[in-house]
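Chemist: need a structure here:
(one chain, ligands or ions: 1)
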Amino acid sequence: MPLDDDISPDATTGSLPAPASLIPPLRQTAVLLDIDGTLLDFAPTPREVWVPPELSTTLKQLHERTDGALALVSGRSLNDIDLIFAPDVFPAIGGHGAEMRLQPDSEAVAAHAPPLDKELKRRLAAIAKLSPGILLEDKGYSLALHYRLAPQAEKAIYEAVSLIRAELPNAPIEVLPGKSVCEIKHSGFTKATGVRELMTHARFKGRRPFFIGDDVTDETVFAIMPDFNGLAFSVGRRALGVDGHFDGPSDVRAFLARLLDDDRDVSLS
Ligand SMILES: O=P(O)(O)OC[C@H]1O[C@H](O[C@H]2O[C@H](CO)[C@@H](O)[C@H](O)[C@H]2O)[C@H](O)[C@@H](O)[C@@H]1O
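Modeler: Numbers count the residues shown, from 1 in each chain. This next block holds a predicted model:
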């Protein structure tokens, strides 16, 4: 079942060391950031999110100061990410690992993203008829059913998806529960597979990554950070195994801005 405001059934509260003290100099770091619920506050619908201008400035400076080793790691499509952050463009993993762009001016790679079967999509899309307020987000390779505006429909949505899923036991698809969203995507890729691939590329390779995320899908990335001697930070709650956590997106934004200041002090000393 979905975990609306929690990151894991095992999540606990409690304080952990202040994350800023753990981050190495930016020239040795890869900055990996989830978007919704981490960098940005939640909005009633996906298109209503707002990118504070100070955040744009911070991200651009972090991108520069890490020599390009900053990437957004999102469930959103690359196209959607670009619309939200326009006119800025950042390296990104989109669609939970379905797409990747290594540099702002490079072509997107969508190697892991066959389109969802049309008939399956049609059947899933019909679930939106269960209630007003259910929004469909079609990413091509996946379909998201948003119910933030129809919270009472959550159970019915998951039951309807389960029925369809049960009729297709061999279909290479999986159901991703998110925050007020149920997404159906091809199996075989996750945010973690995307990050593993990203970390083989020149600008990221050999750096010590840190990843900040708030959602269940971000836990796949938390789990692989030790493989890169990296650090994981959760948002909202303390997730299992993380190195620190933030109360909310505004704390993440303040933390990222502070990293720039702290790093400037290190460079000058
Ligand atoms: O991996 P993320 O970058 O955190 O993206 C996760 C999903 O984010 C978007 O949906 C969520 O944010 C919306 C805007 O605040 C909110 O209305 C919705 O309820 C949330 O689920 C996005 O629309 C999805 O495609 C992403 O998978």
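Chemist: quick check: beta-bridge partners of the residue nearest to residue 45 when sequence neighbours are not counted?
Modeler: Residue nearest to residue 45 in three dimensions, not counting chain neighbours: residue 135, with 6.1 Å by CB to CB, 6 or more residues apart in numbering. (Glycine included, C-beta is placed from N, CA and C.) Per DSSP bridges, the residues bridged to residue 135 are residue 146.
Chemist: which parts of the stretch 101-250 of the chain sit against the ligand?
Modeler: Contact residues (CB under 6 Å from any ligand atom) of the stretch 101-250 of the chain with the ligand: 137, 144, 146, 148, 178, 179, 180, 181, 183, 215.
Chemist: and stretch 166-181, end to end?
Modeler: Taking CA to CA, to the nearest Å, stretch 166-181 runs 20 Å from one end to the other.
Chemist: list the contacts of it.
Modeler: Stretch 166-181 is contacted by residues 1-5, 36-37, 42, 75, 96, 116-117, 120, 137, 144-148, 151, 154, 158, 161-162, 165, 182-188, 214-217 when judged by CB atoms under 8 Å, 6 or more residues apart in numbering.
Chemist: same thing but 6 Å
Modeler: Contacts of stretch 166-181 with the rest of the structure, by CB atoms under 6 Å, 6 or more residues apart in numbering, involve 2, 4, 144, 146-148, 161, 183-184, 186-187, 215, 217.
Chemist: out of the residues of the stretch 101-250 of the chain next to the ligand, who's the most crowded?
Modeler: Greatest neighbour count in those, by other CB atoms under 10 Å, goes to residue 215: 26 neighbours.
Chemist: one step back: just the residues of the stretch 101-250 of the chain next to the ligand: which are in strands?
Modeler: Those of those mapping onto strands are 137, 144, 146, 178, 181, 183, per DSSP state E.
Chemist: so what's the last one up against?
Modeler: It refers to residue 183. The contact partners of residue 183, taken as CB under 6 Å, 6+ apart, are 142, 144, 176.
Chemist: which strand residues bridge residue 99?
Modeler: For residue 99, the beta-bridge assignment (DSSP bridges) gives partners residue 94.
Chemist: and what of residue 174?
Modeler: residue 185.
Chemist: look up how far residue 30 lies from it.
Modeler: Noted for residue 174: a distance of 27 Å to residue 30, by CB to CB, to the nearest Å.
Chemist: check residue 139 too.
Modeler: For residue 139, the distance to residue 30 equals 25 Å [CB to CB].
Chemist: cool, and residue 192?
Modeler: Distance from residue 192 to residue 30, counting by CB to CB: 15 Å.
Chemist: could you pull out the strands for the stretch 101-250 of the chain?
Modeler: 135-138, 142-146, 173-178, 181-186, 208-213, 231-235, 244-246 (DSSP state E, counting those that start in this stretch).
Chemist: can I get those in a markdown table with mean pLDDT and distance to residue 67?
Modeler: Converted to a markdown table, the strands of the stretch 101-250 of the chain look like this (pLDDT from 0 to 100; distance: least, CB to CB, whole Å):
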| stretch | mean pLDDT | distance to residue 67 |
| --- | --- | --- |
| strand 135-138 | 96 | 34 |
| strand 142-146 | 97 | 32 |
| strand 173-178 | 95 | 32 |
| strand 181-186 | 96 | 32 |
| strand 208-213 | 98 | 14 |
| strand 231-235 | 96 | 19 |
| strand 244-246 | 94 | 25 |
